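Trainee: just the structure for this:
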Amino acid sequence: MKKLTFVLATLLLLPAVLAIQVSPSYWNVEIYPGSTAQATFDVLNNCSNSTSVQISDSGYISNWLFEDPTQMSLNGFETKPFDAVIVVPSSASQGSYTGSINVGGFEIPVNVTVIKWRFEKSDWYKAGDRLQISPSGYEIYIKNVSRSVYIEISKGVTLLESKFFDVGDDIEYSDLYMKVLDRYGDETKLLIKTTDPSTTITTGKEQESQQQSSNSGGGSFSFYTSQYGNKFFKDTITKETFVLRNGLSESVSLKTISYEGTLTTPEGRKPIRIEDWTLMTLGPGEEKSFVVTIDTTGLELGEWRPILTVSGLTESGKQVSASIAFSISVISSASPPSTGEIKVTAPTSVDKGEQFEIKVENLPSGGSVMMQPNPNLVGTEVKKEDSKWIWKGYINSTESQTIELSIMQYGGLLKTYVINISVGHVEEGTNVITLNYIPQNPTDGSIVTVQKSPDIATVTVTAYEGDTVVDKFIYTIPFRVVYGRKYCLEAKASGYETVKKCFDVSLKKLDLIISPSKPTPSEYILIQAVSGGQPVSGVSIKVDDKVYDSSSVNIKLGEGEHTVVAYGDGYQNITKKINVLPEITVSGPTEVVVGQNATINLSREADWEVMYSNLVISEGSGSVVEFTPAEEGSYEIWADNRLVYVVEAKGGLMSVPVMYIGGGFALLLVVYILYKTFFRKKKLKQAPDIGLLPYGPESPIEKVSSLRKEEE
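Mentor: Predicted structure coming up:
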């Protein structure tokens, strides 16, 4: 009886289960940390009765999944779509994750594969090499190779690490991994991994060899400008023209344009990209102008050093190339160009272990500073602000030191400065304690580690709120600091001078990442709060009047301006505006004639581009798009980085082959000659029979005879 009841219940439920069908029936995604993926599913009510279905998700990735809508009503045999979005946190580890979407009892399996390291390279490098890692902006400076490898790692103007690495030591950031594999003499072998597959690693030597290769083929296939550098404000677009000259004795067929150290984004390649690029042949002595767009939209502050290379093939089959090495400084605010002399300031005398700074001011455009390795110099901070370069550190020796600074401009040596610093003598029997703390600029909640030498030194930590002591303890393990307090470290040891250092704790700075930058009501907008470029926890996001208890949301917003605020304990509040623009509708012809001007009208103002064969042939801003197609084919209209229209260009009168036109004229000429010849003869032979000859001295018969003789 129970079995029969179960069978009957199953048969009754089966139609309801089969009534809902979803396409596609599964979702497999390969994705990277901090990225999003979107899919649209069609839900079919496969029966005649109306029904209502709930849409939910489950599994490990349920916190990553968002569905819109989460409920829908379906009439009989009706189909409706719903959108699903996967938002992978930047902190997600590499691996496979599973979950499912439930649509009225229909299960959609969701498999997510998170891939972190997409680039990997191991190679040998020499002491003094600076490795530029693009487009992430990291720089690895191999200062010294001896029993250990002394390496500085920086990003933009921020020094991230400065220490000795032994073989086997490694370090990892959210988008960079480095490991010391081996060392020999003054060389070390490094393993470098990044999250960007387009990563390039260049050294000064590599850039020199690239420049030499650009001058191959007699040294005269090259750009007039081989190095270019300038400062650009963040979120700006500038255009520069560069001229390529073929000084060879044979023609060169241009084949490819390649980039090193650039970043590919939905808005286009950054910070440089070529405009109006077409394949062509340059004869001996001919020139070609290239328009390069320098785009700093969304880029991090600091130095970008991309390389643009144009390659071609000569008539004799020889490969040639020409390059431009760019040095692009992205700055946040206006600052007048440096017009004064380069100024270097440093103390003439310091005590062993005493903190001091070396400052270089009035650096020229494209300028940078290189400090030659010195084992007795210990750096604690290096930063570059516009035309200033500042190094902070101390000397760990009692001997006087010579410090050599090389001022570089666009990769070339501009000037060298030599600084001599004497080290003050301490009293006999008295030594100096070395005392440091990490991080150098603690923020609320930071874990502070104290470094001391010798190990026998005792460090007392005192915390102040104003002038009141709120905590005091002997340092034994790293400790957490609190915003609003001042911490003082005092190190003492028998036979050593007492050393004291203090620091204040500031709030952590927040930033908001909003993508896309020009959204419309139909698009999901990813809003993510970050600090120092990394995801954060304990932060809420408020959009207009709605609060989300999460540091990352993926939502749709109505047309108009919206206010976004991110806030949390220990963080400075940040506010940004989002302007949701109306959807773009297009009016205009779907077919145009080659060689004739075409006009397309947009429903609102937008930045537009016309593309043909993946190349931009025309661009501008406004609501009217104008261009002249030169060839038959499909022309894509893009507005605010979205494809909004496609126009087909067809051949006009001028596209008819010339041989057909010429042949037609020739045929008409032949018909005309035949007509004139035969039709006129026929009229002359009939003339005597109808008596049209006038009366004259000769008789009519004699006149006809003379005419016939002339014809014969």
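Trainee: switch to C-alpha atoms for all contacts and neighbour counts from now on
Mentor: Will do.
Trainee: hey, where'd the strands end up in the stretch 101-250 of the chain?
Mentor: Applying DSSP state E, counting those that start in this stretch to the stretch 101-250 of the chain gives strands spanning 106-114, 119-126, 130-134, 138-145, 149-155, 158-165, 170-172, 176-184, 187-194, 200-202, 221-223, 227-233, 237-246.
Trainee: most tightly packed of these?
Mentor: Of those, the one with the most neighbours on average (mean count of other C-alpha atoms under 10 Å) is strand 221-223, at a mean of 26.
Trainee: mean confidence for that strand?
Mentor: Here strand 221-223 scores 80 as its mean pLDDT.
Trainee: can you offset everything so residue one is 33?
Mentor: Let's use 33 as the start, then, which means that last one is strand 253-255.
Trainee: can you list contacts of it?
Mentor: Applying C-alpha atoms under 8 Å, 6 or more residues apart in numbering, the contact partners of strand 253-255 are 246-247, 274-280, 352-356.
Trainee: need these in JSON lines (columns: pLDDT and distance to Ile224).
Mentor: Putting the contacts of strand 253-255 into JSON lines (pLDDT from 0 to 100; distance: C-alpha to C-alpha, whole Å) gives the following:
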{"residue": "Ser246", "pLDDT": "38", "distance to Ile224": "28"}
{"residue": "Asn247", "pLDDT": "40", "distance to Ile224": "31"}
{"residue": "Phe274", "pLDDT": "80", "distance to Ile224": "34"}
{"residue": "Val275", "pLDDT": "82", "distance to Ile224": "36"}
{"residue": "Leu276", "pLDDT": "84", "distance to Ile224": "35"}
{"residue": "Arg277", "pLDDT": "84", "distance to Ile224": "38"}
{"residue": "Asn278", "pLDDT": "86", "distance to Ile224": "38"}
{"residue": "Gly279", "pLDDT": "84", "distance to Ile224": "40"}
{"residue": "Leu280", "pLDDT": "87", "distance to Ile224": "40"}
{"residue": "Val352", "pLDDT": "84", "distance to Ile224": "31"}
{"residue": "Ser353", "pLDDT": "83", "distance to Ile224": "29"}
{"residue": "Ala354", "pLDDT": "83", "distance to Ile224": "29"}
{"residue": "Ser355", "pLDDT": "80", "distance to Ile224": "26"}
{"residue": "Ile356", "pLDDT": "82", "distance to Ile224": "26"}
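Trainee: pLDDT averaged over the helix or strand containing Lys112, what's the number?
Mentor: According to DSSP states H and E, Lys112 maps onto strand 111-119. Here strand 111-119 scores 90 as its mean pLDDT.
Trainee: mind listing what it pairs with, with the direction of each?
Mentor: Counting by DSSP bridges, the strands paired with strand 111-119 are strand 68-77 (antiparallel), strand 97-100 (antiparallel).
Trainee: okay, angle between it and strand 138-146 too, please.
Mentor: 30 degrees (axes from the mean of the first three to the mean of the last three C-alpha atoms, to 10 degrees).
Trainee: buried set for strand 111-119?
Mentor: Residues of strand 111-119 classed as buried by neighbour count (16 or more other C-alpha atoms under 10 Å): 111, 114, 116-119.
Trainee: likewise stretch 381-392?
Mentor: So for stretch 381-392, counting by 16+ other C-alpha under 10 Å, buried means 382-386, 388-390, 392.
Trainee: nearest to Lys588 among those?
Mentor: The closest of those to Lys588 turns out to be Val392 (C-alpha to C-alpha; 48.9 Å).
Trainee: can you tell me the element the closest residue in space to the closest one that isn't next to it in sequence falls in?
Mentor: Closest residue in space to Val392, ignoring its immediate chain neighbours: Val376 at 4.5 Å, by C-alpha to C-alpha, 6 or more residues apart in numbering. In this structure, Val376 sits in strand 375-377 according to DSSP H and E.
Trainee: next structured bit after that strand?
Mentor: Helices and strands here follow DSSP H and E; after strand 375-377, the next one along the chain is strand 381-383.
Trainee: list the helices and strands the helix or strand following that next one packs on?
Mentor: Toward the C-terminal end, the helix or strand that comes next after strand 381-383 (DSSP H and E) is strand 388-393. If you count contacts as 3 or more C-alpha pairs under 8 Å, 6 or more residues apart in numbering; DSSP states H and E, strand 388-393 packs onto strand 375-377, strand 420-427.
Trainee: centroid residue for this structure?
Mentor: For the chain, Leu295 is the residue whose C-alpha lies nearest the centre (C-alpha atoms, centre = their mean; 3.0 Å).
Trainee: circling back to that earlier point, could the strands paired with strand 111-119 be laid out in TSV, adding distance to Gly399 and mean neighbour count?
Mentor: Shown next, in TSV, are the strands paired with strand 111-119 (distance: least, C-alpha to C-alpha, whole Å; neighbours: other C-alpha atoms under 10 Å):
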stretch	distance to Gly399	mean neighbour count
strand 68-77	39	17
strand 97-100	47	19
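Trainee: CSV please, covering those and showing distance to Asn406.
Mentor: Listed next are these as CSV, based on distance: least, C-alpha to C-alpha, whole Å:
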stretch, distance to Asn406
strand 68-77, 46
strand 97-100, 53
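Trainee: and those strands: which comes nearest Glu522?
Mentor: strand 68-77 (49.1 Å).
Trainee: what does that closest one rub up against?
Mentor: The contact list for strand 68-77 (C-alpha under 8 Å, 6+ apart) reads 51-56, 61, 63, 83, 106-120.
Trainee: one step back: just checking, the residue nearest to Val392 touches Asn394?
Mentor: No: applying C-alpha atoms under 8 Å, one finds Val376 not in contact with Asn394, separated by 9.2 Å.
Trainee: still on that earlier bit, relative to Ile632, which of the strands paired with strand 111-119 is closest?
Mentor: That would be strand 68-77 among those, by C-alpha to C-alpha, at 30.2 Å.
Trainee: enumerate every residue touching Ser285.
Mentor: 311-314, 344-347.
Trainee: make it 7 Å
Mentor: Residues near Ser285 by C-alpha atoms under 7 Å, 6 or more residues apart in numbering: 312-314, 344-346.
Trainee: repeat for Lys271
Mentor: Contact analysis of Lys271 by C-alpha under 7 Å, 6+ apart lists 323-326.
Trainee: good, wrapping up.
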